[in-house]
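Following is a predicted model, sequence given first.
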Amino acid sequence: MSDLHATMENVLIDERIRGFPPGHPPLPLAVIGTQGWKPYDGRMALPLISLDRQAFASNVELMMAYVKSHSAEIAPHAKTPMSTALADTLISAGAWGTTVADIRQAAVLLKAGQRRLIVANEIGGAAAARRLAALLGHYPDAELHVFVDSTALVEALAAAWLERTDLPPLGLMVEFGAGRAGLRSADAAAVILDTILAAETPALRLSGIAAYEGAAATADPEETMLRIDALMAMTSDFLPKIRARIGSERPLLVTSGGSVFFDIVVARLAAAVAADPACRLVLRSGAIFFHDHGIYERGLAGLDARGGLRIGDKTVSAAAGFRPALRVWAEILSRPEPKLAIAGMGMRDVAMDQDLPRPLALYRNGVRLADLEGARVLRLNDQHAFMALADDSDVAVGDVIEFGISHPCTCLDRHAILYGLDPDHSVTSAYLTSFG
């Protein structure tokens, strides 16, 4: 355990944090999991968000088995939970490193003791380059790789690294893109490659190629596949061009892969990487370890339609293998109309950018009564969820509803603590998040 983690375990938690029982004396984070709390028994303040620890562990095991079976690596994207404890769990399970989205997230992970990071984004210009240099000056043993798609960023990083002699080596990755940042052609990438190689020093070097296929997705599945195939072809075709410029010995990374189309990434890039003994393929999937009842549920159904997960000599259903691990819990505040219930959960508590939350189960007086068949969330206000109910529903004021969520990345960032639950939904751990 790092010094930071030891400090975090002793952080006192009180009623200012969602879930903590009102009136309860403050507790160190480390002992919250020993109190026997349950999100449905009336003691905990609602709403709160929870992690099914068993489902999370099962997802980790399945994804790591998939990655290993394809001789690939994974650097899970930490932006999903921004929990240093969970990031460390993934490293312990075999992750090659960790992915972050920006300099601040890199600072969080470095401070927690992690040393191999991919910044899967352009960081800005000269000021950002100086901020990154200021950060890395404190971590001489760090291994950091940054995406670049402009000569301006290459030049800014080169200038920042030339100003100092106390910085660790920085890897620059030529980024191809579709729908977001990244270069749109091999010719444009060749210009960036020339700029990087001209600026190289022992502390600033080309380290590989990057892409993100998820941004290529459209509402048309066929068009999505065409766009992703073109992006992957551009990425794989550029690898031998780089190798011809730098020789056969330098280690290179090729990285892509979110949590919906990572099977296509592996299928399209594996041959090019396998043909280069000094190259490794690194996926960056992060939300897959948490899964959901929405966007990723649909995404894994699409993965199965493409043939499922190939692990060794077996094919596994992704939809059946991965399990949603996140829940939001809320109390019924009002039954103003026969087919309407209002729960105390809103846009401040749960994501709605990819879908509305899904009512799963009803609890009353600390007992699970039933699945909520026929109920659905119609809309959210700041603090309220408007639920349409079936004709025969007996949902009552004071009942607790267990909701599934859609899109972990934009749900977890609303919460300072993620409560870990055992199979009977008792709180057995708590994880601080660091969304700033």
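Looks like it arrived, so ask away. These numbers were taken from a predicted model, which means no experiment stands behind them. Residues are numbered from 1 along each chain as shown.

Quick check: which ranges of the stretch 251-400 of the chain have low pLDDT?
Along the stretch 251-400 of the chain, segments meeting pLDDT under 70 are nowhere present.

How far does the lengthiest strand in the chain sit from its chain's centre?
Of all segments of type strand in the chain, defined using DSSP state E, the longest is strand 326-337. Taking Cα atoms, centre = their mean, to the nearest Å, the mean C-alpha location of strand 326-337 is offset from the chain mean by 27 Å.

Need the contact partners of that strand.
39-40, 44, 46-52, 290-292, 341-345, 349-350, 357, 360, 384-385, 395-405, 408, 411-412, 421 (Cβ atoms under 8 Å, 6 or more residues apart in numbering). (Glycine included, C-beta is placed from N, CA and C.)

Buried ones among those residues?
For the contacts of strand 326-337, a neighbour count by 16 or more other Cβ atoms under 10 Å gives the buried set as 39-40, 44, 46-52, 290-292, 341-345, 349-350, 357, 360, 384-385, 395, 399-405, 408, 411-412, 421.

Can you check what pLDDT the model gives residue 3?
The score at residue 3 is 64. That number is its pLDDT.

I should have written residue 8 there, sorry.
So, for residue 8, pLDDT stands at 75.

Which of the contacts of strand 326-337 fall within strands?
Per DSSP E, the contacts of strand 326-337 map to strands at 48-52, 341-343, 360, 385, 400-404, 421.

now, among those, which is nearest to residue 74?
Residue 74 has its nearest neighbour among the ones in strands among the contacts of strand 326-337 in residue 51, at 19.5 Å by Cβ to Cβ.

Let me know whether the closest one touches residue 418 as I believe.
Yes - here residue 51 reaches residue 418: they are 5.1 Å apart, a contact under Cβ atoms under 8 Å.

So for the top helix by length along the chain, mean pLDDT?
The residue-count maximum for a helix in the chain (DSSP state H) belongs to helix 221-246. Mean per-residue pLDDT for helix 221-246: 97.

And the following helix or strand past that helix, what's buried?
Downstream of helix 221-246, the first helix or strand assigned by DSSP states H and E is strand 252-256. Buried residues in strand 252-256, counted by 16+ other Cβ under 10 Å: 252-256.

List just the nearest of those to residue 375.
Among these, residue 256 lies closest to residue 375 (Cβ to Cβ), at 38.6 Å.

partner residues bridging that closest one?
residue 283 (DSSP bridges).

ok, it touching residue 284?
Yes - look at residue 256 against residue 284 with Cβ under 8 Å: they come within range, at 7.2 Å.

shared neighbours, these two?
What both residue 256 and residue 284 touch, as defined by Cβ under 8 Å, 6+ apart, is the set residue 212.

all helices for the stretch 51-200 of the chain, in order.
Secondary structure of the stretch 51-200 of the chain by DSSP state H, counting those that start in this stretch: the helices cover 53-69, 84-92, 103-111, 126-136, 151-162, 186-199.

so what's residue 167 closest to, chain neighbours aside?
Using Cβ to Cβ, 6 or more residues apart in numbering and skipping residues adjacent in sequence, the residue nearest residue 167 is residue 136, 5.3 Å away.

Run a quick check on the one you found versus residue 142, I expect a contact.
Yes - using Cβ under 8 Å, residue 136 makes contact with residue 142 at a distance of 5.8 Å.

now, which of the buried residues of strand 252-256 sits nearest residue 23?
residue 255 (48.7 Å).

what about the residue nearest to the closest one when sequence neighbours are not counted, neighbour count?
With sequence-adjacent residues excluded and distances taken as Cβ to Cβ, 6+ apart, residue 255 is closest to residue 282, at 4.3 Å. Residue 282: 23 surrounding residues under other Cβ atoms under 10 Å.

And for the one 3 residues further on?
The tally of other residues near residue 285 (other Cβ under 10 Å) stands at 24.

I figured it hits residue 262, correct?
Yes - counting by Cβ under 8 Å, residue 285 touches residue 262, with 5.1 Å between them.

one step back: okay, and the common contacts of residue 51 and residue 418?
With Cβ under 8 Å, 6+ apart, residue 51 and residue 418 have common neighbours residue 431.

Next one: residue 258 from residue 283, what distance?
9 Å (Cβ to Cβ, to the nearest Å).

before we move on, back to that, residue 136 and residue 142: which has the busier surroundings?
Using other Cβ under 10 Å as the criterion, residue 136 and residue 142 rank with residue 136 on top: 24 against 19.

Disregarding residues adjacent in the polypeptide, which is nearest to residue 60?
Residue 60 sits nearest to residue 93 (Cβ to Cβ, 6+ apart), 5.0 Å away.

Return the set of buried residues in stretch 29-43.
Buried residues in stretch 29-43, counting neighbours by 16+ other Cβ under 10 Å, are found at 29, 32-33, 35, 37-40, 43.

could you dump those residues to CSV with pLDDT and distance to residue 310?
Output for the buried residues of stretch 29-43, formatted as CSV (pLDDT from 0 to 100; distance: Cβ to Cβ, whole Å):
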residue, pLDDT, distance to residue 310
29, 97, 40
32, 97, 40
33, 97, 37
35, 97, 43
37, 98, 41
38, 98, 39
39, 98, 37
40, 97, 39
43, 97, 46
